[in-house]
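1. With the input below, show me the fold.
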Amino acid sequence: MSEDVLLNFVASNLLYLLAAVFVVIVILKGVRIVPQSEKHVVERFGRLQAVLGPGINLIVPFLDVVRHQVSILERQLPNANQDAITKDNVLLEVETSVFYRIIEPEKTVYRIRDVDAAIATTVAGIVRAEIGMMDLDDVQANRARLISTIKNSVESAIDDWGIEVTRAEILDVNLDQATRDAMLQQLNAERARRAQVTEAEGTKRAVELSADADLYAAEQAAKARRISAEAEAYATEVVAKAIRENGIEAAQYQVALKQVEALNALGNGDGKQTIVLPAAALEAFGDAFKLLKGGS
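-> The predicted structure is shown next:
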């Protein structure tokens, strides 16, 4: 084979080879495979052309260029500490943490340069503003509501950046040492006050119970006296009724009965008793025994 023929063969095959290489390059430039965790921002002549989602995408080779490959995974800002003053003039140091994800990368890449710094600055300002409208006790007691308010406020502030705040947390709220000492003194004073109140309430209850017991005892004593008086009145009524029905004999019978009971009591005393009675008394006892015998 002559040299000219060889050169012609190489030249013709080189054209085919260059054409094949060009086709491969066009295919590579025109087909973009985007991972599931990313979105690609495409520009044409320096202007936004399209945003490519996950999967296989076709673009115009040499005209369209992928300028930004943006991750759409959730991100966490570094924990940040910022000072804040409450409504009742207490200085706090608040530690916050924010999680976010980019949902519209075309806004993020063209409207903000440093996303993390911008979000951190926004969060710090919102935290100071929200805490400045609350007392210290409200900050401690309503932390969940404060976190929700901060999250909503941050979302509203960064809405133009194509970012979604997935979570905002207040990790810690620290007080300066002077405020801690003052709160400790206040806590001890409150405990002492509660102890005094409890003791006073106990004393008051004891007095009330004692008064109730005295009242109950007085009521029972009065009730007993009333029952005794009613019994005596009933006995008197019975005697009076007997006198009305039987005349003087019933009265004499009662007197004789009492005399015999008295004599019996004297005779049953301890030791030896010598009882001296006048003759008139013996006659009276004799009459009493007659009445008792007659009554029985």
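2. where's Ala124 relative to Glu93, distance?
-> For Ala124, the distance to Glu93 (Cβ to Cβ, to the nearest Å) stands at 12 Å. No exception for glycine: its C-beta is placed from N, CA and C like everyone else's.
3. Give me the common contacts of those two.
-> Common contacts of Ala124 and Glu93 (Cβ atoms under 8 Å, 6 or more residues apart in numbering): Gln82.
4. would you list every one of the helices in the stretch 101-250 of the chain?
-> Assigned by DSSP state H, counting those that start in this stretch, the helices in the stretch 101-250 of the chain fall at 105-111, 115-131, 136-141, 143-157, 177-246, 248-267.
5. between these, which gets nearest to Asp88?
-> For Asp88, the closest of the helices of the stretch 101-250 of the chain is helix 136-141, at 5.8 Å, according to Cβ to Cβ.
6. could you dump the closest one to PDB, C-alpha only?
-> Provided in PDB are the C-alpha atoms of helix 136-141 (Å, rounded to 0.1, in the frame of the first residue of the first chain):
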ATOM      1  CA  LEU A 136     -38.400  35.100  83.200                       C
ATOM      2  CA  ASP A 137     -41.100  32.700  84.700                       C
ATOM      3  CA  ASP A 138     -42.900  32.600  81.300                       C
ATOM      4  CA  VAL A 139     -39.600  31.700  79.500                       C
ATOM      5  CA  GLN A 140     -39.100  28.800  81.900                       C
ATOM      6  CA  ALA A 141     -42.700  27.600  81.900                       C
END
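7. average model confidence for that helix?
-> What helix 136-141 shows for mean pLDDT is 81.
8. Give me the contacts around that helix.
-> Thr86, Asp88, Val90, Leu92, Ile131, Leu146, Val173.
9. Out of Ala124 and Glu93, name the residue with the larger neighbour count.
-> Ala124 (17 against 13; other Cβ atoms under 10 Å).
10. In space, what's closest to that one - neighbours in sequence excluded?
-> Gln82 (4.4 Å; Cβ to Cβ, 6 or more residues apart in numbering).
11. what comes up buried for the helix or strand the one you found falls within?
-> For Gln82, the element it lies in under DSSP states H and E is strand 80-85. Buried residues in strand 80-85, counting neighbours by 16 or more other Cβ atoms under 10 Å, are found at Ala80, Gln82, Ala84.
12. ok, now which ones touch Met133?
-> Contacts for Met133 were tallied using Cβ under 8 Å, 6+ apart; they are Lys87.
13. Quickly note the distance from it to Ala84.
-> Met133 is 11 Å from Ala84, by Cβ to Cβ.
14. again with Glu106
-> 35 Å.
15. just Arg205 next, same as before
-> Taken as Cβ to Cβ, the span from Arg205 to Ala84 is 46 Å.
16. now swap in Lys107 and tell me
-> For Lys107, the distance to Ala84 - Cβ to Cβ - is 30 Å.
17. repeat for Ala129
-> 9 Å.
18. now Asn174
-> Distance from Asn174 to Ala84, by Cβ to Cβ: 11 Å.
19. Give the intersection of the neighbour lists for those two.
-> Taking Cβ under 8 Å, 6+ apart as the contact rule, the neighbours common to Asn174 and Ala84 are Leu92, Glu93, Val94.
20. Tabulate those (JSON lines), appending secondary structure, distance to Asp137 and pLDDT.
-> As requested, the shared contacts of Asn174 and Ala84 are exported to JSON lines (DSSP: H, G, I helix; E, B strand; the rest coil; distance: Cβ to Cβ, whole Å; pLDDT from 0 to 100):
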{"residue": "Leu92", "secondary structure": "strand", "distance to Asp137": "12", "pLDDT": "87"}
{"residue": "Glu93", "secondary structure": "strand", "distance to Asp137": "17", "pLDDT": "88"}
{"residue": "Val94", "secondary structure": "strand", "distance to Asp137": "16", "pLDDT": "90"}
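21. Closest to Ala211 out of those?
-> Proximity of the shared contacts of Asn174 and Ala84 to Ala211 (Cβ to Cβ) peaks at Leu92, which lies at 52.0 Å.
22. And that closest one, how far from Phe22?
-> On the measure of Cβ to Cβ, Leu92 and Phe22 end up 66 Å apart.
23. neighbour count winner among the two?
-> A direct count of neighbours by other Cβ under 10 Å for Leu92 and Phe22 places Leu92 higher, at 21 against 10.
24. tell me the contacts of Val70?
-> By Cβ under 8 Å, 6+ apart, the contact set of Val70 is Glu38, Lys39, His40, Val41, Ile102, Pro105, Thr108, Val109.
25. All good on my end, thank you.
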